[in-house]
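> Sequence and predicted structure below; questions after.
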Protein chains: 2
Amino acid sequence: MSRFRDEIGEQPAVARRLLEKARRPVAEAAERLRAARPTGFVIAARGSSDHAALYAKYLFGRRNRMLVTLAAPSLFTHYGAPPRLAGQCVIGISQSGASPDVVAVLEEARRQSALTLAITNEPDSRLAAAADLVISLGTGPERSVPAAKTYTASVLALALLSEALEPEPSLAAALERVPAALEAALQRDLELERLVPVLAGPRAVVLGRGFNLSTAEEIALKLTETSYLLARAWSVADFEHGPIALVEAGFPILLAGAPGPVVKDLQEIAARLAEYGCQVIGLFDGAGSLPPAAMVAIESGLPEELSPLPLAVLGQLLAHRVALARGIDPDRPRALQKVTRTW
Amino acid sequence: MSRFRDEIGEQPAVARRLLEKARRPVAEAAERLRAARPTGFVIAARGSSDHAALYAKYLFGRRNRMLVTLAAPSLFTHYGAPPRLAGQCVIGISQSGASPDVVAVLEEARRQSALTLAITNEPDSRLAAAADLVISLGTGPERSVPAAKTYTASVLALALLSEALEPEPSLAAALERVPAALEAALQRDLELERLVPVLAGPRAVVLGRGFNLSTAEEIALKLTETSYLLARAWSVADFEHGPIALVEAGFPILLAGAPGPVVKDLQEIAARLAEYGCQVIGLFDGAGSLPPAAMVAIESGLPEELSPLPLAVLGQLLAHRVALARGIDPDRPRALQKVTRTW
């Protein structure tokens, strides 16, 4: 088995450990944040971590009514004139803690006396050193090049922080059910095989909206990195605004979602795309479905806010199966190294 | 000739008119902004207008040191719990002024007493009615489904606002040269034909960084909308972080850029991708080049901050030629209507 598949399978245990060990640093961070009363969050991240940041934009936006800005790192690293960050809480998310541009954003935030928080797997990293507060993911070494466990761990850490900032007993209880939900997703591995033929390449579109726009982006990246499909994610709204022109009979479209305020949008676009003769497939968490998509669904019992966790696992498993079907070793992506030093 | 091509050609005149007519509303907006001293900008937009917003993220970030947040409209329209916007200047960009989710963001901003600004082609629209300040693009009716002139007009309006907020004589002078720069881009139409065979489909990657990340996104959208390629833009930094795994010999990559702090990144990725045997082509504004890319270059004399304007025109012309080469009528994209009512 590949390291990628191994680490996909570790996620329930990783989540269980994080729920235990992150409680104190998350509570500390929440306390500092309540004292500092930032006007918003600025998050710097790359790749999968940037998709966790996109999740946070919806989560902190909805639950904590906080405005979340995704940082443009080149303003810090290349243009030498970073925006003013006073009053913000600046978060850096990086598995390795060594991504130089994420570090640069946090170091600048510190110079500007903004409160800084690092979410990283490496508590001894330069990113952690640059931060006032550190939430350590503690996933154990990530040997797979395509990130899996550090993605869901980052998402879970952000959800813990959101709950700690605005306690809600039902969400706290749901967070405890995350490991079981990830386990339930893993159980669907075999069933995902029937979606694989649709993703034979060379291209695919992945659609989500709201909380699961991040899931769509993450699945598109996993398909691109491990299976060399050009997979492109859009929010349903943006897709309908223009790019939908590109679809034709047979075009592969993957939807990811869960019951909630945006599910109707997903259902409508699924029906419309099926009318055009597209091959519509879906990953779904919860009661209901996306007719007429061919679906793999779980019922984790998690609220929509947390559905990106099991849905990401389904997406990882699917990407892994697509890679194997295409004869690609997901541990050896072409032209890629683990820590990308983008300045 | 198509309406799309007609309206591409109108852009120098549109820019000239905007430079005259927008001066007063831009000065008024700048005055109000200086009085209100917002902590940042929040911009709501869809499609091409969202790429203008991405441009503003870099422009206001670098020139005005303002943090720019791209709004997540579904928090306003679907989840019923929008983030707190007090102290922000909230900008809505919409050609028609009728995009319901952009309107929803501005209406909520107004309820929260944030300063609101509409950038639109329709000063009598609901968007304009919801805004404290209006900058009217005055492009004349946009009949083409793929946006061209309203995109460059929005970008130019944002640049005028940035300059008005922080006057800089050299930039003010450069803004006056924009119509001539767009004219110079139009002169290259025929020359672009030699890049067309590379974009035969079904997929392509478009790369930019910094100010021209917006250009890359806009060109990718134009190729997708008018030529049904699945074209995906990345910042060079994000691309190197993982998606680069997907390239192989012959893979079509289009780079867009200009001299400045990020040009070295573009040059390095061009060389690396050429080593992999990719078909690397480029659009460039300024002295220098992106060896070994096959390029169409202009020397508009504009600073990097304004290069997205002529580069967008080159991208539009290229997308138009690709559509014709593929036998597609760019005025009749499949499955699309002009005002997309995404709720």
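Received the coordinates, thanks. This one's a predicted model, so the numbers in the text were calculated from it and none came from an experiment. Residues are numbered from 1 along each chain as shown, chains lettered A, B, ... in the order given.
> drop to CA atoms for contacts and neighbour counts, all remaining ones
Fine.
> Enumerate the residues of the stretch 101-250 of chain A near chain B.
Residues of the stretch 101-250 of chain A lying close to chain B (C-alpha under 8 Å from any C-alpha of the partner chain) are A:146, A:202-203, A:209-210, A:221, A:224-230, A:232, A:237-238, A:240-247.
> PyMOL command to pick out the buried ones of those residues?
Here is the PyMOL command that selects the buried residues among those (16 or more other C-alpha atoms under 10 Å in any protein chain shown):
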select buried, chain A and resi 146+202+203+209+210+221+224+225+226+227+228+229+230+232+237+238+240+241+242+243+244+245+246+247
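> Filter the residues of the stretch 101-250 of chain A next to chain B down to just the ones in helices.
A:221, A:224-227, A:237-238, A:240 (DSSP state H).
> got CSV for these, with distance to A:Leu318 too?
Below are those laid out as CSV (distance: C-alpha to C-alpha, whole Å):
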residue, distance to A:Leu318
A:Leu221, 12
A:Thr224, 12
A:Glu225, 13
A:Thr226, 11
A:Ser227, 10
A:Ala237, 25
A:Asp238, 25
A:Glu240, 25
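> Would you mind giving the residues you listed as a markdown table with pLDDT added?
What follows is these, written out as a markdown table (pLDDT from 0 to 100):
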| residue | pLDDT |
| --- | --- |
| A:Leu221 | 97 |
| A:Thr224 | 95 |
| A:Glu225 | 93 |
| A:Thr226 | 92 |
| A:Ser227 | 92 |
| A:Ala237 | 95 |
| A:Asp238 | 95 |
| A:Glu240 | 93 |
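> Now do the helices in chain A.
According to DSSP H, the helices that chain A contains are A:3-9, A:11-21, A:23-36, A:48-64, A:74-77, A:100-111, A:126-129, A:149-165, A:169-176, A:178-186, A:213-227, A:236-240, A:263-275, A:308-325.
> any idea which of the ones you listed is most buried?
Highest mean neighbour count among the helices of chain A (mean count of other C-alpha atoms under 10 Å in any protein chain shown): helix A:213-227, with a mean of 29.
> list the helices and strands that helix packs on?
Applying 3 or more C-alpha pairs under 8 Å, 6 or more residues apart in numbering or on different chains; DSSP states H and E, we find helix A:213-227 packed against helix A:48-64, strand A:203-208, strand A:230-235, strand A:252-257, helix A:308-325.
> Could you tell me the angle between the first one and helix A:213-227?
So the one you mean is helix A:48-64. Orientation of helix A:48-64 against helix A:213-227 (axes from the mean of the first three to the mean of the last three C-alpha atoms, to 10 degrees) gives an angle of 170 degrees.
> now the second one
Compare the direction of strand A:203-208 with that of helix A:213-227 by the same axes, to 10 degrees and you get 160 degrees.
> likewise the last one?
In this structure, helix A:308-325 runs at an angle of 20 degrees to helix A:213-227, with the same axes, to 10 degrees as the basis.
> Mind checking the pLDDT average for helix A:308-325?
Helix A:308-325 shows a mean pLDDT of 97 in the predicted model.
> before we move on, what about the first one?
Average pLDDT, helix A:48-64: 98.
> With only the CA atoms kept, save that helix in PDB.
The C-alpha trace of helix A:48-64 is given here as PDB (Å, rounded to 0.1, in the frame of the first residue of the first chain):
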ATOM      1  CA  SER A  48      -4.000  22.100   1.000                       C
ATOM      2  CA  SER A  49      -3.400  24.400   3.900                       C
ATOM      3  CA  ASP A  50      -4.900  27.200   1.800                       C
ATOM      4  CA  HIS A  51      -8.000  25.100   1.400                       C
ATOM      5  CA  ALA A  52      -8.200  24.800   5.200                       C
ATOM      6  CA  ALA A  53      -8.000  28.600   5.200                       C
ATOM      7  CA  LEU A  54     -10.900  28.800   2.800                       C
ATOM      8  CA  TYR A  55     -12.900  26.500   5.200                       C
ATOM      9  CA  ALA A  56     -12.000  29.000   8.000                       C
ATOM     10  CA  LYS A  57     -13.400  31.800   5.900                       C
ATOM     11  CA  TYR A  58     -16.800  30.200   6.000                       C
ATOM     12  CA  LEU A  59     -16.600  28.800   9.500                       C
ATOM     13  CA  PHE A  60     -15.300  32.000  11.300                       C
ATOM     14  CA  GLY A  61     -17.600  34.000   9.000                       C
ATOM     15  CA  ARG A  62     -20.700  32.100   9.900                       C
ATOM     16  CA  ARG A  63     -20.100  31.000  13.500                       C
ATOM     17  CA  ASN A  64     -18.000  33.900  14.800                       C
END
